[in-house]
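**Q** Got a sequence here, can you build the structure:
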Amino acid sequence: MHHTVRALFVCPEKKAKPLSVSEVEVSSAGFQGDFHTSVANGRQILMLSSEVLQEFELRPGSLFENIVLEGVDVMALSPGQRLHIGNSVLEVTVPCQPCVQMERIRKGLKQALAGKRGMFAQVVTTGTIRVGDRVMLA
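**A** Coordinates of the predicted model:
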C-alpha cells in the first residue's frame, strides 16, 4: 500500500474553519498561512490518518488537522521519526490529546478519539507538500 497525502488544511485564524488547499508551502515554522505556525513549537503541524476519519464518518478537516495521510497509521509513529513528504521533511513530536473542541463536533467524540487524535510534527526541511504526494517513512 502506498503512503500518500490525502488532504491538506490551513486554519487562517483562531477558531476559524480550516481551509482545504491542494498544496502548501512549508516554512521552518510550519504550514504558511496557518494560525498555529510557530518556530519554537513542536506542535507546528497536526497529522491524522484517513482511517480515523472513516472510522468516525467525518470529513477531512473536521478535526482541525493540517494533513491527512492515507495508508499511514499516524499513531504508530514514534517521536523523532521522520516523514519525507514532497520535498519537505517533518519530524514526529508528540501525540495530540483530544480536547473539548471534539465535543462540539459530536457528543462523546473526545473520549472516542483517545489514542487516535493524531500526532504533531515539526519541520526539519522546508519545501512544498501537495495532495497526492507520496510519504516516505524514515
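
**Q** Tell me which stretches of the chain form helices.
**A** Counting by DSSP state H, the segments of the chain that form helices are 50-55, 101-105, 109-112.

**Q** Packing partners of the first one?
**A** Just to be clear, that refers to helix 50-55. Counting contacts by 3 or more C-beta pairs under 8 Å, 6 or more residues apart in numbering; DSSP states H and E, helix 50-55 packs against strand 67-70. Heads up, the C-betas are built off the backbone N, CA and C, glycines and all.

**Q** partners of the strand it packs on, with directions?
**A** Strands that pair with strand 67-70, judged by DSSP bridges, come out as strand 4-10 (antiparallel), strand 45-49 (parallel).

**Q** With only the CA atoms kept, save the first one in CSV.
**A** The one in question is strand 4-10. Taking Å, rounded to 0.1, in the frame of the first residue of the first chain, the C-alpha atoms of strand 4-10 are listed here in CSV:
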residue,chain,number,x,y,z
THR,A,4,0.1,9.4,0.4
VAL,A,5,-1.2,12.8,1.3
ARG,A,6,-5.0,12.7,1.0
ALA,A,7,-5.8,16.3,2.2
LEU,A,8,-4.1,19.5,3.4
PHE,A,9,-5.6,22.2,5.6
VAL,A,10,-4.6,25.6,7.0
